[in-house]
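*Asks:* would you be able to build a 3D model of this:
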Amino acid sequence: MTTAATPSIRVLIADDQMMVRQGFTVLLNAEPGIEVVGQAVDGHDAIAKTAELAPDVVLMDIRMPGLGGIEATRRITEPSDATVKVLVLTTFDLDEYVYEALRAGASGFLLKDASADELAQAVRVVAAGDALLAPGITKRLIAEFSRMSGAPRAPLKDRVAGLTERETEVLSLVAQGLSNAEIAQRLVVAEQTVKTHVGRILVKLELRDRTQATVFAYETGLVRPTGY
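*Replies:* The predicted model follows:
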């Protein structure tokens, strides 16, 4: 009896530069378990191709003519039944628009000069429902939240009340950029226990992934930036 092969991760590449689209297509199609199913030249095209091709992951350039990547990301991820993940492409890791892209629903971001291995790993991480936010990136996002965010948003704060004390503690650690293994070590519990808590947090707060949980934690004031 043979087992069915694991389906490939379907990827859509949205960028107004043909060289970028073609380069990423070649790199990703050479990776096992990843298939580029289409390309889009701007935000409107990305929305249409996502509906048509049903990719698992969209590589989305932030800056495109016409409808940009931020608004396209928002429209793609906004439906409650949306399962597609958006991985934002940017030229600079301090891009001012990354913050807004994450708020719009992106699951992480990647520099355009990333290596083939980094690109493939990023696609796999995001497709699996994890956040592509390294601790260093999280630190810069915290600084941005500190600069841009005002008072905690009351409707969001009300949703925190539905979490248990332990879930609230786990959420705050997730927002600080800790992995499940690091959280387990900090709380002296099994890693599977942390994974269960994170899953329940996402369900209760109606969030897609750890990236959105991080955004939520800072916007509600559950976690406060320090050192800025």
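*Asks:* what segments of this protein are strands?
*Replies:* Ranges of strands within the chain are 9-14, 34-40, 57-61, 85-90, 108-111, based on DSSP state E.
*Asks:* elements contacting the third one?
*Replies:* Helices and strands in packing contact with strand 57-61 are listed as strand 9-14, helix 43-53, helix 69-77, strand 85-90, helix 116-127; criterion 3 or more C-beta pairs under 8 Å, 6 or more residues apart in numbering; DSSP states H and E. The way it works is simple: take the backbone N, C-alpha and C, and place the C-beta from them, glycine included.
*Asks:* just the strands of the chain: most buried one?
*Replies:* Burial of the strands of the chain is given as mean neighbour count (mean count of other C-beta atoms under 10 Å); strand 57-61 ranks first at a mean of 28.
*Asks:* mean pLDDT per helix and strand in this protein: which one sits at the bottom?
*Replies:* The weakest-scoring helix or strand in the chain, judged by mean pLDDT, DSSP states H and E, is helix 135-148 (a mean of 57).
*Asks:* what pLDDT is listed against residue 151?
*Replies:* Looking at residue 151, its pLDDT stands at 50.
*Asks:* scratch that, residue 189
*Replies:* 92.
*Asks:* and it, what is it in contact with?
*Replies:* Listed by C-beta atoms under 8 Å, 6 or more residues apart in numbering, residue 189 has no contact partners.
*Asks:* next, it: phi, psi?
*Replies:* Backbone torsions of residue 189, given as degrees, to the nearest 10, read phi -140, psi 170.
*Asks:* what's the burial count for the residue nearest to residue 74 when sequence neighbours are not counted?
*Replies:* Of all residues not flanking residue 74 in the chain, residue 104 sits nearest, at 4.0 Å (C-beta to C-beta, 6 or more residues apart in numbering). Residues near residue 104, counting by other C-beta atoms under 10 Å, number 22.
*Asks:* residue 125 now?
*Replies:* For residue 125, the neighbour count with other C-beta under 10 Å is 19.
*Asks:* residue 167 contacts residue 204, correct?
*Replies:* Yes: using C-beta atoms under 8 Å, residue 167 is in contact with residue 204, at 7.4 Å.
*Asks:* I'd say residue 84 and residue 76 touch.
*Replies:* Yes: between residue 84 and residue 76 there is a contact under C-beta under 8 Å: 6.1 Å.
*Asks:* what touches both of these two?
*Replies:* Contact criterion C-beta under 8 Å, 6+ apart; residues bridging residue 84 and residue 76 by contacting each: 50, 58.
*Asks:* in terms of neighbours, single out the busier of these two.
*Replies:* Neighbours were counted for residue 84 and for residue 76 using other C-beta under 10 Å; residue 76 has more, 25 against 22.
*Asks:* contacting residues for that one?
*Replies:* Counting by C-beta under 8 Å, 6+ apart, the residues that residue 76 touches are 46, 47, 50, 58, 82, 84, 86, 105.
*Asks:* out of those residues, which is nearest to residue 159?
*Replies:* Distance to residue 159 across the contacts of residue 76 (C-beta to C-beta) is lowest for residue 105, with 17.0 Å.
*Asks:* how about the closest one, phi and psi?
*Replies:* Given degrees, to the nearest 10, the pair of backbone angles that residue 105 has is phi 130, psi 0.
*Asks:* give me the nearest residue to it, chain neighbours excluded.
*Replies:* Excluding its sequence neighbours, the residue lying closest to residue 105 (C-beta to C-beta, 6+ apart) is residue 77, at 3.2 Å.
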